[in-house]
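**Student:** next comes the sequence, and after it the predicted model I'd like to discuss.
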Amino acid sequence: MSEQISHHIPDAIMAAYVAGNLPRPFALVVASHVSMCDECRANLLAHQAAGGAVLEGMAEEKLSGGMRDRVMGALDDAIDVEPEPASRQGIYPGPVVDALSGKPPKWKKLGGGVRQCILDMGNEGSARLLYIPAGRPVPEHSHGGLELTMVLQGGFSDSTGHFDVGDVEVATDDLEHVPMADEGEDCICLAATDAPLRFSAFVPRILQPFFAI
Ligand SMILES: [Zn+2]
């Protein structure tokens with residue numbers, strides 16, 4: 001599956017993930033992608049090894065034995081964000097299975113056939129599953145800052161390219177993007193945003209020819 005993935009986790013996001021600095025909703029996307037992508041798993045291990053080497057050197061030079069143990073213990077904790085905590089279930093990577101507590105998603109209708117299932121919402125942002133019928137657009141939404149979207153089933157396209165199963169789109173709020181689900185198969189995505197994602201003006205838009213109804 002990995003060789004079909006063409007949109008990966010950017011290095012800066014991977015570094016933040018390994019350092020334990022990535023907000024939880026984004027960490028869920030990274031862990032899910034890494035569980036499906038050999039290339040990013042290798043990059044993750046390289047970051048972990050580099051971080052470990054820095055701390056090892058620091059520990060030998062400056063830290064007493066007790067402090068050294070605590071630092072190395074903290075490092076182990078940081079690395080504990082494991083990419084495959086649960087087994088994959090169908091289209092859902094292990095980290096998503098965990099976020100769902102092993103149960104099928106409880107979908108809520110957003111209109112136009114689009115559905116969502118919120119996995120995580122808090123001060124750090126939100127993570128959700130989005131279900132977009134084949135050939136339909138993702139409803140227009142606003143978000144503050146960063147948005148990571150990973151395809152779990154089907155695919156979508158927008159002005160930046162085409163995204164297949166396993167691919168991750170990295171969008172910032174300066175990107176005007178209207179993702180459109182591929183024809184033929186309903187699209188299911190895992191989406192993380194660093195502010196509560198607000199679907200705006202969906203009902204008026206549903207009347208527009210844009211939706212082809
Ligand atoms: Zn990757």
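**Tutor:** Now that the structure is in, tell me what you want to look at.
**Student:** residue contacts, residue 189?
**Tutor:** 129, 130, 132, 138, 149, 150, 151, 152, 156 (C-beta atoms under 8 Å, 6 or more residues apart in numbering). Quick note: C-beta positions are derived from backbone N, CA and C, even for glycine.
**Student:** could you look up the SS state of it?
**Tutor:** The three-state label given to residue 189 by DSSP: H, G, I helix; E, B strand; the rest coil is strand.
**Student:** can you tell me, leaving aside adjacent residues, what's nearest to it?
**Tutor:** Among residues not flanking residue 189 along the chain, residue 130 sits closest, at 4.7 Å (C-beta to C-beta, 6 or more residues apart in numbering).
**Student:** now do the SS call for that neighbour.
**Tutor:** Relying on three-state DSSP, one would call residue 130 strand.
**Student:** let me see the contact set for it.
**Tutor:** Taking C-beta under 8 Å, 6+ apart, we find residue 130 in contact with 114, 115, 116, 138, 149, 187, 188, 189, 190, 191.
**Student:** report the buried residues of the helix or strand harbouring the fifth one.
**Tutor:** When secondary structure is defined by DSSP states H and E, residue 149 falls within strand 146-153. Residues of strand 146-153 classed as buried under the neighbour-count rule (16 or more other C-beta atoms under 10 Å) are 146, 147, 148, 149, 150, 151, 152, 153.
**Student:** for it, report the contacting residues that lie outside it.
**Tutor:** Here strand 146-153 makes contact (C-beta under 8 Å, 6+ apart) with 13, 26, 29-30, 32-33, 91-93, 96, 129-130, 163-173, 179, 185-194, 197.
**Student:** the residues you listed in helices, which ones?
**Tutor:** 13, 26, 29, 30, 32, 33, 96 (DSSP state H).
**Student:** OK, contacts around the spatially closest residue to the fifth one that is not a sequence neighbour?
**Tutor:** Nearest-residue entry for residue 32: residue 93, 4.1 Å, with adjacent residues in sequence omitted and distances by C-beta to C-beta, 6+ apart. With contacts defined as C-beta under 8 Å, 6+ apart, residue 93 is in contact with 31, 32, 33, 35, 36, 84, 152.
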